[in-house]
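In: when you get a sec, could you give me coordinates for this:
(4 chains)
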2 protein chains.
Amino acid sequence: MDAEPISDALVRRLRTTSGLTADEEQAIRVLPVTVRSYGANQTIVRDGDRPTECCLIVAGFCLRAKTTSTGHRQILSIHIPGEIPDLQSLHLHELDHDLVSLTDCTLGFISHIALRELHRRWPNVAEIFWRDTLVDAAMFREWIVNVGQRPAPSRLAHIIVELRERLRIIGRVDPDGFEMPLTQEQIGEAMGITAVHANRVIRQLREDNVVELHRGRVTVLNEMKLMELADFDGRYLHQSPSL
Amino acid sequence: MDAEPISDALVRRLRTTSGLTADEEQAIRVLPVTVRSYGANQTIVRDGDRPTECCLIVAGFCLRAKTTSTGHRQILSIHIPGEIPDLQSLHLHELDHDLVSLTDCTLGFISHIALRELHRRWPNVAEIFWRDTLVDAAMFREWIVNVGQRPAPSRLAHIIVELRERLRIIGRVDPDGFEMPLTQEQIGEAMGITAVHANRVIRQLREDNVVELHRGRVTVLNEMKLMELADFDGRYLHQSPSL
DNA sequence: GTGGGTTCCAAACAAAAGTTAAGGACGCGC
DNA sequence: GCGCGTCCTTAACTTTTGTTTGGAACCCAC
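Out: Numbers count the residues shown, from 1 in each chain, chains lettered A, B, ... in the order given. Just a heads-up that it's a prediction; the model follows:
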């Protein structure tokens, strides 16, 4: 698996979600990529930066977050291998949030120049990348609904199910669960609640035999209850090219 | 003002935020637009629809919202003249939320076909439109922070200040205030709280002489207090082409 | 101008979430 | 194996927010 080309996860994802052709795939594969490794909890790019390259997650988990002037951090999204969390920096020059590693990560950096050249030569790839940023926005919209309207247990259920759907596409869901390497503090920051309350909610879902969170892994105990709680309608993920 | 060409507000906005050239501006101006009028509180396009055209707001206010299975509605954004709230439908075929008129509206519909042709002929305009959807996403990110991390009075202050910043660009802010035609119920739906609590918060801001909301208009009573409450850093709006 | 709908307002009470604090489990490095 | 730091856990208490309800103000249509 480590021997796989760097952009493999990206290409596989775009193929299933956006209908990439073989030529286009090849054009992406030959992009020059600089690989760097990061430990957990490191800031890759920071609010206010003006990056000159985009960051492809090759291995590990990242998150995007903003911090208010009072020091409260809100997690905006969780990112998995094959995603380019800061693709928007190609056209939005100043970053308006942080990109942080959640676990040890292998990241591939692709220069804006190379990406712009790719888009010039392959307008259809540009459209596919545009589409990718639109799905990103769709996920933010759903995240707003989650934080704004759902009771805390449903919020957690929704985050869990969304992550699972996305991990499925890259073949990272086992029968006995999947990885979700967030601390309770971070889960709270994702749901817009405190760590103490996050702990209460997690305990409740465990006591009700819905899901078990342990050591960065999720085990689903009752699929039906989970889905009912989550109020999950995956259409917003636009996982098929026709959507 | 009614005699102005339909795409005037759009073109003026893109010129200041994205650096549109005269040629590109002309290409946008000659787009075929179908104008239709809507009353207040009408659904323009609905969650699940597959629109074949995009909707430019010529006059009036609109909002985007999603409704959970329990019937709770979350407002995702408020839109003003010159914006194309459903530009994403060009590449995300199935709509994942509703677009609703807030006031009486004049809307200009532009077919996806015409827009795609525009993008093919003017790749730089495509990039500007892409950028526009990226700013959209940036606004969603800030909206998540607002709903997730700020206390209710700050939330309201933030929404007010953001709307004001955007209205300023299209010249719709007077010395004595600006239009914000939301009911208290809708303000609640935007903040992720109930209408009763929205009323409490509005009352508090009025009693503290910060802002006055009355008949769909905002009057700022204490600019300093408002900005302090709002925790507003407008960089996420990316209102200058260099950002 | 009257009547009916919507919006606004507000009180009383219930529930959810935040705060503070402190102990326990666990993992890692020495 | 010990100590240290991070994360998890829980309790007691406070604050914020939701719920229910009812009335007042306002607006528009007739």
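In: residues touching the nearest residue to residue A:166 once chain neighbours are set aside, list them.
Out: Leaving out its chain neighbours, the residue that sits closest to residue A:166 by C-beta to C-beta, 6 or more residues apart in numbering or on different chains is residue A:80, at 6.0 Å. No exception for glycine: its C-beta is placed from N, CA and C like everyone else's. With contacts defined as C-beta atoms under 8 Å, 6 or more residues apart in numbering or on different chains, the neighbours of residue A:80 are A:57, A:61, A:163, A:166, A:167, A:170, A:172.
In: what of residue A:142?
Out: Contacts of residue A:142 were listed using C-beta under 8 Å, 6+ apart, and they are A:158, A:162, A:236, B:66, B:96.
In: which of those residues fall within strands?
Out: Among the contacts of residue A:142, the members found in strands (DSSP state E) are residue B:66.
In: DNA strand D contacts on chain A?
Out: Listed as neighbours of DNA strand D in chain A under the rule C-beta under 7 Å from any atom of the strand: A:183, A:184, A:185, A:195, A:196, A:199, A:200, A:202, A:203.
In: can you say which of those residues are buried?
Out: A:184, A:202 (16 or more other C-beta atoms under 10 Å in any protein chain shown).
In: hang on, the earlier thing: closest to DNA strand C among the contacts of residue A:80?
Out: residue A:61 (16.4 Å; C-beta to the nearest atom of the strand).
In: kindly report the residues of chain A close to DNA strand C.
Out: With C-beta under 7 Å from any atom of the strand as the criterion, chain A meets DNA strand C at residues A:151, A:152, A:188, A:192, A:193, A:194, A:196, A:197, A:201, A:215.
In: quick one, strands of chain A?
Out: Under DSSP E, chain A gives strands at A:34-38, A:43-45, A:53-59, A:62-67, A:73-79, A:98-101, A:105-111, A:173-174, A:177-179, A:211-214, A:217-220.
In: tell me the bridge partners for the most centrally placed residue in chain A.
Out: Chain A has residue A:79 as the residue nearest its centroid, 2.2 Å off, counting by C-alpha atoms, centre = their mean. For residue A:79, the beta-bridge partners under DSSP bridges are residue A:62.
In: please report the distance of it from residue A:65.
Out: To residue A:65, residue A:79 is 11 Å away according to C-beta to C-beta, to the nearest Å.
In: swap in residue A:220?
Out: Counting by C-beta to C-beta, the gap from residue A:220 to residue A:65 is 26 Å.
In: same check on residue A:132?
Out: Residue A:132 is 20 Å from residue A:65, by C-beta to C-beta.
In: go on, residue A:177?
Out: In this view, residue A:177 and residue A:65 are 25 Å apart by C-beta to C-beta.
In: for the longest helix along chain A, the distance to its chain's centre please.
Out: As assigned by DSSP state H, the longest helix anywhere in chain A is helix A:123-149. A distance of 11 Å separates the centroid of the chain from that of helix A:123-149, by C-alpha atoms, centre = their mean, to the nearest Å.
In: in it, what counts as buried?
Out: Within helix A:123-149, the residues that qualify as buried are A:125-149, counting by 16+ other C-beta under 10 Å.
In: number of residues surrounding residue A:68?
Out: 17 (other C-beta atoms under 10 Å in any protein chain shown).
In: can I assume it is in contact with residue B:145?
Out: Yes. Between residue A:68 and residue B:145 there is a contact at 6.5 Å, judged by C-beta atoms under 8 Å.
In: domains in chain A, by residue range?
Out: As given by automatic domain parsing, the domain ranges for chain A are A:8-135, A:150-237.
In: out of those domains, which comes closest to residue B:34?
Out: domain A:8-135 (23.7 Å; C-beta to C-beta).
In: how far does that closest one stretch from start to finish?
Out: 20 Å (C-alpha to C-alpha, to the nearest Å).
In: so what's the backbone phi/psi at residue A:91?
Out: phi -120, psi -10 (degrees, to the nearest 10).
In: run a quick neighbour tally on it.
Out: By other C-beta under 10 Å, the residues close to residue A:91 number 20.
In: next: residue A:175.
Out: 5.
In: what's the answer for the one 4 residues further on, then?
Out: In terms of burial, residue A:179 registers 18 neighbours under the definition other C-beta under 10 Å.
In: from residue A:50, how far off is it?
Out: The spacing between residue A:179 and residue A:50, counted by C-beta to C-beta, is 32 Å.
In: just to revisit the earlier point, looking at the domains of chain A, which is nearest to residue B:105?
Out: Nearest of the domains of chain A (C-beta to C-beta): domain A:8-135, 23.9 Å.
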